[in-house]
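Visitor: Here is the input, now give the coordinates:
(2 chains)
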2 protein chains.
Amino acid sequence: MIIPVKWTDEGVNMLDQRLLPTEEKWLMLKTYNDVAAGIRDMVVRGAPAIGVSAAYGVALGAKQFVGTNVVDLEDELDYVCEVLGKTRPTAVNLFWAIDRMKRTFHKAKAEGRSISEIKQTLLQDAKDIHEEDIESQRLIAQFGGELIEDNSTVLTHCNAGALATGGVWGTALGVIRGAVNQGKTISVIADETRPYMQGARLTAWELLQDQIPVRLITDSMSGHVMKNGDVQAVVVGSDRIAANGDVANKIGTYMVAVLARRHGIPFYVAAPLSTVDLNCPTGDQIPIEERDIREITHVKDIQLAPEGIDVSNYAFDVTPNDLITAIITEKGVARAPYVESLKNMFNE
Amino acid sequence: MIIPVKWTDEGVNMLDQRLLPTEEKWLMLKTYNDVAAGIRDMVVRGAPAIGVSAAYGVALGAKQFVGTNVVDLEDELDYVCEVLGKTRPTAVNLFWAIDRMKRTFHKAKAEGRSISEIKQTLLQDAKDIHEEDIESQRLIAQFGGELIEDNSTVLTHCNAGALATGGVWGTALGVIRGAVNQGKTISVIADETRPYMQGARLTAWELLQDQIPVRLITDSMSGHVMKNGDVQAVVVGSDRIAANGDVANKIGTYMVAVLARRHGIPFYVAAPLSTVDLNCPTGDQIPIEERDIREITHVKDIQLAPEGIDVSNYAFDVTPNDLITAIITEKGVARAPYVESLKNMFNE
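Guide: Numbering: from 1, shown residues only, chains lettered A, B, ... in the order given. Next up, the predicted model:
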């Protein structure tokens, strides 16, 4: 059972995902700055996991506070939230978790709680966010698993597994695990997911641990395997879902969605409602992170491209809602028109 | 001016493309076995370059022959051709060049030429194949350049440049060079082309040498840049074109073609007629090479995927003719229906 982020009395314990699959090393992050660096440097990645980590980061920032005045604590937490909020721009779960922790603080403050009580309340809420995240995935696994037919091969892109979440199930891999738990025979094709290789390094590693059959391909092979009839469904996670159902996810997701459409293969997105941003009307408003070009030009110290080459390193792309068969959340399965179906899920 | 394969009195001199872009090293291949190994191990790659190299390999095999009987020479050349023919299965230029050299031998034998004369004739024909290849590309550059609009950004996949051919122009990069020579302002987006990184290592290197602006992306970004409106045309090479215009080319080409269609971007294939296999009715009959999975699981000694993982390493895919706007050859521009337009080019 993979839980990549854990609260301890010493701080936040994170599995260093940069070293997988060859090394399993845990880092103890003792300050909110450590947590912010852990998110920015991709010790932890995946939208739900970033949300859980940020919540613990806020709790850690409160724990580090040594003053006696609740107004000073408020100032300090504003700063902590600003630092955590600047780590990665696309995954909305980061901002969702920070906002929820802020609301929890304000409620506790308004209730006249002591600083010690507020610290305790914030920690409890971070733990709740973590538990709710795992519970959401359990439900996503159940609802999504029902959509996958027996004896299917499911293609997935990037890692939307336990490693990308609070743990245990994962979102896209949760759907696959859900189908397997329902007694279905499922195998997986994993896109390696350049440049950061989350598919090769993380998805392959997770599925091997669960003994779910997995075949690794380069991102450029997904069209070929679909054309060969090797793929019966695609399931991916998401970093942000706009109100209209446009989905930001790892770069290359859009390409897979276009190919799935050509081949008549259902394309499912699995994500908790904390990934849905109703304030974002369409995918056009989702900021797309661009990362260090060295991720593309080098693998560790091995140079793959000529010196001085111009490179773009978009970390995400947006898949328009018309290519998405369904969005699987902890509240059930949303289908087009997503403006209504997603909004209804928040009102249930 | 890049000419990756050269005949010398010592043997075939090849630029070792495995070491680019960080090292420019030339290998002197003194036997036909060396040439076969050079093709198999990808010292040289790209369909036209493989054809030229194989022709020189046959000439080298003849040169190595020390007997005095023309029937023994024929046996020896049959064996040489068998060894060279087993190096790579997809690029038809390999078999085209070998067949042409065989025909040249049989003609010289039927004419009662001496062994020394036959050796000389074979070498001359290999040199002719090389010169014709360069001349074909010059014409492809001219015809193809006319199809590219001024101020365009052209996306290309893999390396179909001078390095992939007998030299100087290239096929897909020939079209780009042709457009530039016609006074147009052209920039290029190069897919890095996993797993062998021909885009990052070779296309980027070639275009930097020519000072043609080039931006490198991962294969998974081609959909995103098309969606952004950054691409006005796609040009790729080919390893084999079936009689109906289905195109085998580097894995990922099919994906790019599907994306180009979605975005209404013209998708051009540039290849000499030696790449067209009229004996192959459709793309379904083209054998797709599968290569060592270590190309995907490792970069040099760095392990990217877990031990024991199942991997597919298809080197090529087939793009169906309905996705291809035009095929640019040395005889002009072929358009659908390709069964007729390609056949007509052989009859001109």
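
Visitor: Mind jotting down where the helices sit in the stretch 1-150 of chain A?
Guide: Using DSSP state H, counting those that start in this stretch, the helices of the stretch 1-150 of chain A run over A:32-40, A:47-64, A:70-85, A:92-110, A:115-145.

Visitor: Low-confidence stretches in the stretch 201-348 of chain A?
Guide: For the stretch 201-348 of chain A, applying pLDDT under 70 flags no range at all.

Visitor: What residues does the stretch 51-200 of chain A have near chain B?
Guide: Residues of the stretch 51-200 of chain A lying close to chain B (C-beta under 8 Å from any C-beta of the partner chain) are A:Asp191, A:Glu192, A:Thr193, A:Arg194, A:Pro195, A:Met197, A:Ala200. For glycine as for every other residue, the C-beta is placed from the backbone atoms N, C-alpha and C.

Visitor: most packed of the helices of the stretch 1-150 of chain A?
Guide: helix A:47-64 (a mean of 28; mean count of other C-beta atoms under 10 Å in any protein chain shown).

Visitor: Now do that one against helix A:32-40, angle only.
Guide: Inter-element angle recorded for helix A:47-64 and helix A:32-40: 170 degrees (by axes from the mean of the first three to the mean of the last three C-alpha atoms, to 10 degrees).

Visitor: how about the CA coordinates for helix A:47-64, as PDB?
Guide: The C-alpha trace of helix A:47-64 is given here as PDB (Å, rounded to 0.1, in the frame of the first residue of the first chain):
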ATOM      1  CA  ALA A  47      -2.300  17.200  -8.100                       C
ATOM      2  CA  PRO A  48      -4.000  15.500  -5.200                       C
ATOM      3  CA  ALA A  49      -0.600  14.700  -3.600                       C
ATOM      4  CA  ILE A  50       0.400  18.300  -4.000                       C
ATOM      5  CA  GLY A  51      -2.800  19.400  -2.200                       C
ATOM      6  CA  VAL A  52      -2.300  17.000   0.700                       C
ATOM      7  CA  SER A  53       1.400  18.100   1.000                       C
ATOM      8  CA  ALA A  54       0.400  21.800   0.900                       C
ATOM      9  CA  ALA A  55      -2.100  21.300   3.700                       C
ATOM     10  CA  TYR A  56       0.500  19.600   5.800                       C
ATOM     11  CA  GLY A  57       2.900  22.500   4.900                       C
ATOM     12  CA  VAL A  58       0.400  25.000   6.300                       C
ATOM     13  CA  ALA A  59       0.000  22.900   9.500                       C
ATOM     14  CA  LEU A  60       3.800  22.800   9.700                       C
ATOM     15  CA  GLY A  61       4.000  26.600   9.300                       C
ATOM     16  CA  ALA A  62       1.600  27.000  12.200                       C
ATOM     17  CA  LYS A  63       3.500  24.500  14.300                       C
ATOM     18  CA  GLN A  64       6.700  26.500  13.600                       C
END
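
Visitor: angle of it against helix A:70-85?
Guide: Counting by the same axes, to 10 degrees, helix A:47-64 lies at 150 degrees to helix A:70-85.

Visitor: Could you list every helix and strand in contact with helix A:47-64?
Guide: Under the contact definition 3 or more C-beta pairs under 8 Å, 6 or more residues apart in numbering or on different chains; DSSP states H and E, helix A:47-64 sits against strand A:5-8, strand A:11-15, helix A:32-40, helix A:70-85, helix A:92-110, helix A:115-145.

Visitor: Pipe the ones you listed into a markdown table and attach mean pLDDT per row.
Guide: Shown next, in a markdown table, are the helices and strands packed on helix A:47-64 (pLDDT from 0 to 100):
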| stretch | mean pLDDT |
| --- | --- |
| strand A:5-8 | 98 |
| strand A:11-15 | 97 |
| helix A:32-40 | 98 |
| helix A:70-85 | 98 |
| helix A:92-110 | 97 |
| helix A:115-145 | 98 |
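
Visitor: Serialize those to TSV and add fields for distance to B:Thr297.
Guide: Shown next, in TSV, are these (distance: least, C-beta to C-beta, whole Å):
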stretch	distance to B:Thr297
strand A:5-8	28
strand A:11-15	22
helix A:32-40	27
helix A:70-85	35
helix A:92-110	31
helix A:115-145	29
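
Visitor: For B:Asp128, find the nearest of these.
Guide: For the helices and strands packed on helix A:47-64, the distance to B:Asp128 is smallest for helix A:32-40, at 59.6 Å, taking C-beta to C-beta.

Visitor: what residues does the closest one touch?
Guide: Under the contact criterion C-beta atoms under 8 Å, 6 or more residues apart in numbering or on different chains, helix A:32-40 has outside partners A:11-12, A:14, A:27, A:29, A:43-45, A:50, A:53-54, A:56-58, A:60-61, A:64, A:80, A:83-84, A:86-88, A:94.

Visitor: now with 7 Å?
Guide: For helix A:32-40, the external contacting residues (C-beta atoms under 7 Å, 6 or more residues apart in numbering or on different chains) are A:12, A:14, A:27, A:29, A:44, A:50, A:53-54, A:56-57, A:60-61, A:64, A:80, A:83-84, A:87-88.

Visitor: Then stretch A:336-348?
Guide: Under C-beta under 7 Å, 6+ apart, the answer for stretch A:336-348 is A:Ala243, A:Asn244, A:Gly245, A:Leu273, A:Val276, A:Leu278, A:Asn321, A:Ile327, A:Thr329, A:Lys331, A:Ala334, A:Arg335.

Visitor: With A:His263 as the reference, measure out to A:Ser222.
Guide: Counting by C-beta to C-beta, to the nearest Å, the gap between A:Ser222 and A:His263 amounts to 10 Å.

Visitor: Sorry, slip of the keys, the one I care about is A:Leu342.
Guide: A:Leu342 sits 26 Å away from A:His263, going by C-beta to C-beta.

Visitor: Out of those two, name the residue with the larger neighbour count.
Guide: Under the neighbour definition other C-beta atoms under 10 Å in any protein chain shown, A:Leu342 and A:His263 were set side by side, and A:Leu342 has more, 23 against 15.

Visitor: what helix or strand is that one on?
Guide: A:Leu342 belongs to helix A:338-347 when assigned by DSSP states H and E.

Visitor: likewise A:Ile328?
Guide: In this assignment (DSSP H and E), A:Ile328 forms part of strand A:326-329.

Visitor: For the spatially closest residue to A:Ala242 that is not a sequence neighbour, what are phi and psi?
Guide: The shortest distance from A:Ala242 to any non-neighbouring residue, by C-beta to C-beta, 6 or more residues apart in numbering or on different chains, is to A:Cys280 (4.4 Å). Main-chain torsions, A:Cys280, degrees, to the nearest 10: phi -110, psi 100.

Visitor: ok now do A:Cys280, which residues does it touch?
Guide: Contacts of A:Cys280 by C-beta under 7 Å, 6+ apart are A:Arg240, A:Ala242, A:Ala243, A:Ile286.

Visitor: could you measure the first one against chain B, distance?
Guide: Distance, A:Arg240 to chain B, using C-beta to the nearest C-beta, to the nearest Å: 15 Å.
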